[in-house]
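Chemist: got a predicted structure here, sequence first:
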Amino acid sequence: MLRQVTAIRYVTPLREGGSLPGVVEADDLGTYVMKFRGAGQGPKALVAEVVSGELGRRLGLPVPELTVTHLDPIVARAEPDQEVQELIKASAGANLGMDFLPGALGYDPVAHPVDPGLASRIVAFDAFVENVDRSWRNPNLLIWHGRLWMIDHGATLYFHHDWPRAASVVHRPYRWADHVLKPYATSLATEGPELAGRLTPELLAEVIELVPGEWLDDGDRDAYRSHLAARAARPEAWLP
């Protein structure tokens, strides 16, 4: 189960991308980047954040802690921005929080070389979850205290946007020509199969079970489990 916190103050919007995430303070004295269930992508983006983010964490990849961050629309009263007010009001209940990394720098592939093993594991992970959003244009990587961190997995698992077609693309190859870590992923031939071998049905079921019931019912959980287990069973189809 993800740790549960309650947002007590909206601090500032992060005007990047289309989801308008925001920084919030919570009742545990922590600060989180909140992804709102009322944003344009809807709850499926939050499902992808949890499944992919927590899978990455269990595979030993550097993903900040995720929380279920509960939001009372009363928080909107102190927010002068009308767009943000409406977003908060539309997002009552459980939202997705990610530990805020203050002072983190955006990843620059020229300034920040990455260990070949780590780069290869990240590429293999992105291939499995079909991450279309780790390109040089939008790396979704941060450097914090000298360490690489992976963020923003809402664009993964894009099969769930078209369930009738999902079975026909379960073994779809991964397009990684513009992956930001491709130049450093020189150990993919060994790291890729090792990571793929850890994608057991039990592990996949564990991370899917972490998704709050407000975003995903039990019938849908079965569909995610079946699809991801089938994909994991044939890594030769999707590993670059």
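Modeler: Great, that's in hand.

Chemist: any weak-confidence spans in this protein?
Modeler: Along the chain, segments meeting pLDDT under 70 span 15-19.

Chemist: now do the strands in this structure.
Modeler: 3-13, 22-26, 31-35, 66-71, 93-99, 105-106, 141-144, 147-150 (DSSP state E).

Chemist: tell me which of those lies nearest to residue 235.
Modeler: Residue 235 sits nearest to strand 147-150 of all the strands of the chain, at 20.0 Å, using CB to CB. All C-beta atoms are positioned from the backbone trio N, CA, C, and that covers glycine.

Chemist: next, the buried residues of that closest one.
Modeler: For strand 147-150, a neighbour-count test (16 or more other CB atoms under 10 Å) marks 148, 149, 150 as buried.

Chemist: how much space between the residue nearest the centre of the chain and residue 63?
Modeler: Nearest to the mean C-alpha position of the chain, by CA atoms, centre = their mean, lies residue 153 at 2.5 Å. Noted for residue 153: a distance of 8 Å to residue 63, by CB to CB, to the nearest Å.

Chemist: what do you get for residue 49?
Modeler: 10 Å.

Chemist: what is in contact with the two at once?
Modeler: Counting by CB atoms under 8 Å, 6 or more residues apart in numbering, the residues touching both residue 49 and residue 63 are residue 153.

Chemist: more neighbours: which of the two?
Modeler: Using other CB atoms under 10 Å, the more surrounded residue of residue 49 and residue 63 is residue 49, with 26 against 22.

Chemist: distance of that one from residue 133?
Modeler: In this view, residue 49 and residue 133 are 12 Å apart by CB to CB.

Chemist: likewise residue 20?
Modeler: 16 Å.

Chemist: any residues in contact with both of residue 153 and residue 63?
Modeler: 53, 56.

Chemist: follow-up on the earlier one: quick one, which of the strands of the chain is nearest to residue 205?
Modeler: Once the strands of the chain are compared by CB to CB, strand 66-71 is nearest, at 17.7 Å.

Chemist: what are the pairing partners of the closest one, and which direction each?
Modeler: strand 3-13 (parallel), strand 93-99 (antiparallel) (DSSP bridges).

Chemist: the inter-axis angle of that strand versus strand 22-26?
Modeler: Orientation check (axes from the mean of the first three to the mean of the last three CA atoms, to 10 degrees): strand 66-71 against strand 22-26 gives 80 degrees.

Chemist: pull the residues that contact strand 66-71.
Modeler: Applying CB under 8 Å, 6+ apart, the external contacts of strand 66-71 come out as 2-7, 24, 26, 32, 34, 36, 49-50, 53-54, 57, 88, 91-99, 212.

Chemist: I'd like to know which of those are buried.
Modeler: Buried subset of those (neighbour count, 16+ other CB under 10 Å): 2, 5, 7, 24, 26, 32, 34, 36, 49-50, 53-54, 57, 88, 91-92, 94-98, 212.

Chemist: hang on, the earlier thing: surely the residue nearest to the centre of the chain touches residue 53?
Modeler: Yes. Residue 153 lies in contact with residue 53 (CB atoms under 8 Å); the separation is 5.1 Å.
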